[in-house]
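A.B. asks: The following comprises the amino acid sequence and a computationally predicted model.
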Amino acid sequence: MTKLSVNINKIATLRNSRGGNVPNLLKVAADIESFGAEGITIHPRPDERHIKYQDARDLVNVVTTEYNIEGNPVASFMDLVLETKPTQVTLVPDAVDAITSNAGWDTLKNASFLSEVIQEFKQHNIRTSVFIDTDLKLIEGAKKVGADRIELYTEEFATQYGLGNKNGVKPYTEAAVFAHEIGLGINAGHDLSLDNIEFFKNNIPNLAEVSIGHALIAESLYLGLENVINMYLHRLK
């Protein structure tokens, strides 16, 4: 079964919009786990516009499943990860002003930098994953820089699926097969939803984990958080 890690950035965005503590991010994280999710994901950005660095620290004592922190490994992010020691760190090449993640790593051009960053995290027993497109050369590059896993950037799949082009999953299938062959674990995330997750999972061999936030929270507005999480878990079996 593929694990479901729920990204709670949108909960933090809602909380921050009023400047208080409603909804309570820590309680929501605990509730999500109690509803059956196997992980909590956060993606703090330097401007702390949704997840705050203190949230990352506070969640250490709340998350009992897998704790995944995503972000661009700038100095402040590196320090935060080394302080909190999550189960997994997912490296994402976000520009400071990016609204959301919009590209995977070029693991060839950034090989030296990524090698240094990954070595630092692995010395502290933190599993490392690299956010990446389906280019096999870049996936091979992720292996060479020492990553434990890749996270396939799935926006293009979701776009093509929404247009009715189910062949859009083929590059992801090929990427997953290749990644597994060279010893990389496989995660995925971005624009996955109740509508497309079952098809995606059924076409991606050895899919270890998906990280879903925006769609899951939006769907929960209509269907309820506990119900939606269980709907995802059913599709991921």
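C.D. replies: Yep, that arrived. Remember, it's a predicted structure, so these values are computed and weren't measured experimentally.
A.B. asks: so what pLDDT did the nearest residue to Asn167 once chain neighbours are set aside get?
C.D. replies: Nearest non-adjacent residue to Asn167, counting by CB to CB, 6 or more residues apart in numbering: Gln160, 7.6 Å away. C-betas here are computed from N, CA, C, even on glycine. Looking at Gln160, its pLDDT stands at 98.
A.B. asks: Now name the helix or strand holding Gln160.
C.D. replies: helix 155-162 (DSSP states H and E).
A.B. asks: And that helix, what does it pack against?
C.D. replies: Contacts defined by 3 or more CB pairs under 8 Å, 6 or more residues apart in numbering; DSSP states H and E place helix 155-162 against helix 197-203.
A.B. asks: on contacts alone, who are the packing partners of the helix it packs on?
C.D. replies: With contacts defined as 3+ CB pairs under 8 Å, 6+ apart, helix 197-203 has these neighbours: helix 155-162, helix 170-181, strand 207-212, helix 225-235.
A.B. asks: Pairing partners for the residue nearest in space to the middle of the chain in the sheet, please.
C.D. replies: What sits nearest the mean C-alpha location of the chain, by CA atoms, centre = their mean, is Ser211, with 4.2 Å. Judged by DSSP bridges, the bridge partners of Ser211 are Ser5, Gly189.
A.B. asks: What residues does it make contact with?
C.D. replies: Taking CB atoms under 8 Å, 6 or more residues apart in numbering, we find Ser211 in contact with 5-7, 39, 41, 68, 70, 90, 151, 187-189.
A.B. asks: So how do I select the buried members of the residues you listed in PyMOL?
C.D. replies: Provided next is the PyMOL selection string for whichever of these are buried by 16 or more other CB atoms under 10 Å:
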select buried, resi 5+6+7+39+41+68+70+90+151+187+188+189
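A.B. asks: Next, Thr64: secondary structure please.
C.D. replies: Classification of Thr64 by DSSP: H, G, I helix; E, B strand; the rest coil places it in coil.
A.B. asks: list the contacts for it?
C.D. replies: So Thr64 contacts Glu33 (CB under 8 Å, 6+ apart).
A.B. asks: Over to the one 10 residues further on?
C.D. replies: Val74 makes contacts with Pro46, as judged by CB under 8 Å, 6+ apart.
A.B. asks: Could you do Asn16 as well?
C.D. replies: Going by CB under 8 Å, 6+ apart, Asn16 touches 49-50.
A.B. asks: That one and Phe157, how far apart?
C.D. replies: 30 Å (CB to CB, to the nearest Å).
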